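*Asks:* here are the coordinates; sequence isn't available:
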């Protein structure tokens, strides 16, 4: 069973954690959230998606077990509910993902590029990318419809190397939101797919498909 979990935490607390452990990338909120979640495994979610809520940030994602409410600090809100759909149930999901293609050599990633690079129609390119990844869920879920809702380019900070020789690079990544609807065929397989997420950058808040 999966638990749909919501966390709300002050942005200042998230930044403070990042400054203590990864100050080079603390300016990137998605990276700072990755750090904050990694230090709180009893309540952390993955995959997840974040959105601003005033001076706080709201994080929604999946857990395989209920979060430990006793582990939360006084300034953190935690809410959750079991999410379980039986075969035959219809569901609509929304997800935000990073559609990039990676070229490898000898098992090592050598190049990452925007899935729409060299294509005239971004919507078609990103739709094709998503279709390829939806093949993983088709044994468990009959996909009836999906559509690309929004497309954006986002600047992010990424750290490479060990702590002694760490380098930070600024990258521009495509961020796409899509809506997906269909009917569950195998609930256990479908839940595993939701918990896995779609595409790269899941540690930074991408790839989670959540119920609308």
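*Replies:* The structure has been received and is ready for your questions. Here the structure is a predicted model, which means the values were calculated and not measured.

*Asks:* Just want the most central residue of the chain.
*Replies:* In the chain, the residue lying closest to the centroid (C-alpha atoms, centre = their mean) is residue 206, at 2.5 Å.

*Asks:* tell me the SS of it?
*Replies:* On the three-state scheme (DSSP: H, G, I helix; E, B strand; the rest coil), residue 206 is labelled coil.

*Asks:* can you tell me how far the spatially closest residue to it that is not a sequence neighbour sits from residue 38?
*Replies:* Leaving aside its sequence neighbours, residue 206 sits nearest to residue 98 (C-beta to C-beta, 6 or more residues apart in numbering; 4.9 Å). All C-beta spots, glycine's among them, are computed from the backbone N, C-alpha and C. As for residue 98, its distance to residue 38 is 19 Å (criterion: C-beta to C-beta, to the nearest Å).

*Asks:* Let me see the contact set for the residue nearest to the centre of the chain.
*Replies:* Applying C-beta atoms under 8 Å, 6 or more residues apart in numbering, we find residue 206 in contact with 47, 49, 96-98, 175, 197, 199-200.

*Asks:* and if we set it to 7 Å?
*Replies:* By C-beta atoms under 7 Å, 6 or more residues apart in numbering, the residues touching residue 206 are 96-98, 199.

*Asks:* Check it and give its pLDDT.
*Replies:* The pLDDT attached to residue 206 in the predicted structure is 98.

*Asks:* Number the chain from 51, please
*Replies:* Yes, from this point I'll number from 51; that puts the last item at residue 256.
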